[in-house]
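**Student:** Curious how this folds, go ahead:
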Amino acid sequence: MKLMLIAVWHYRHFILTSIRNDLRTRFARSKLGATWAILQPLTQGAIYALVLGQILGSRLPDTNNKYAYVVYLLGGLLGWTLFAELITRCLTIFVDNASLLKKMVFPRICLPLIVSGSCLLNNLFLLAATLFIFMLVGNYPTWMWLWLPVLIAITLLFGLALGLILGVLNVFVRDVAQVTNVVMQLWFWLTPIVYAISILPGHFAPVLRLNPMYAICSSYQQVLLWGHLPHLKTLGAIVVLSLVLLTVGMLLFRRASPDMVDVL
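**Tutor:** Purely as a prediction, here's the structure:
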């Protein structure tokens, strides 16, 4: 573990340069460039807001703001979008870079870090656009918005930890990617983002609260819409869970790393 961290530090300039090149490559020859990373989740949010806003907007608790559902929805999507992008890209990171792994000598652990940096930048662009929309509809900044960097860091840690494990497993069992894509769709709807947990029957709510992404996305909504503290105790448990998963992922990666190139 210590040797991995030392290697990452020595290759820090390679990581930063690769993050920049990754963004350039993804939006090469595109007129709007990185704007597409913002437009897709905002468009998804707009569709949900138009379709479900009239149905669910009036059922949000503790607010009379006519734009409350839009803020609630976009707040939850901020957390989910970062997590989902991390999982999706880490899932195939080693497979997609097979030729690079075979041709260049560098610490392979750099690849998940490059993806994490790229996803983080995309999410920061989305955050800026989302907060601008909030202010347009009269939802102005409060001191609680200072919790956003903490929430982003926790989401990044949890997504990277789980994504690293799935990425390593997908090298050896390609069905992992297919199963994960299905699970992610189901996971989205089991996370109260487009609906409030208060509208569910009583016996469903306690089960959904066991979902780590409920605490994360709900914390975004708490901070941005109601100006309340995030779910600190649950977030603390998620940090511990993420560190455990990250340790497992690093150990799994270290053990599987010598065989990766041969399998790829």
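
**Student:** Name the nearest residue to Phe188, ignoring sequence neighbours.
**Tutor:** What sits nearest to Phe188 in space, not counting adjacent residues and going by CB to CB, 6 or more residues apart in numbering, is Trp80, at 6.6 Å. To be clear about C-beta, it is placed using only N, CA and C from the backbone, and glycine gets the same treatment.

**Student:** what do you get for Leu241?
**Tutor:** Leaving out its chain neighbours, Leu241 is closest to Pro212 (CB to CB, 6+ apart), at 6.8 Å.

**Student:** For burial, what's the neighbour tally of Tyr140?
**Tutor:** For Tyr140, the tally of surrounding residues (other CB atoms under 10 Å) stands at 9.

**Student:** Looking at the residue nearest to it when sequence neighbours are not counted now. What's its pLDDT?
**Tutor:** Closest residue in space to Tyr140, ignoring its immediate chain neighbours: Phe134 at 7.8 Å, by CB to CB, 6+ apart. The per-residue pLDDT reported for Phe134 equals 85.

**Student:** Next up, the contacts around Phe134.
**Tutor:** Under the criterion of CB atoms under 8 Å, 6 or more residues apart in numbering, the neighbours of Phe134 are Val71, Leu74, Tyr140, Leu224.

**Student:** Counting neighbours, which of these comes out on top?
**Tutor:** Neighbour counts for the contacts of Phe134 peak at Leu74, which has 29 neighbours (criterion: other CB under 10 Å).

**Student:** tell me which element that one is part of?
**Tutor:** In this structure, Leu74 sits in helix 68-91 according to DSSP states H and E.

**Student:** try Leu166
**Tutor:** helix 148-172.
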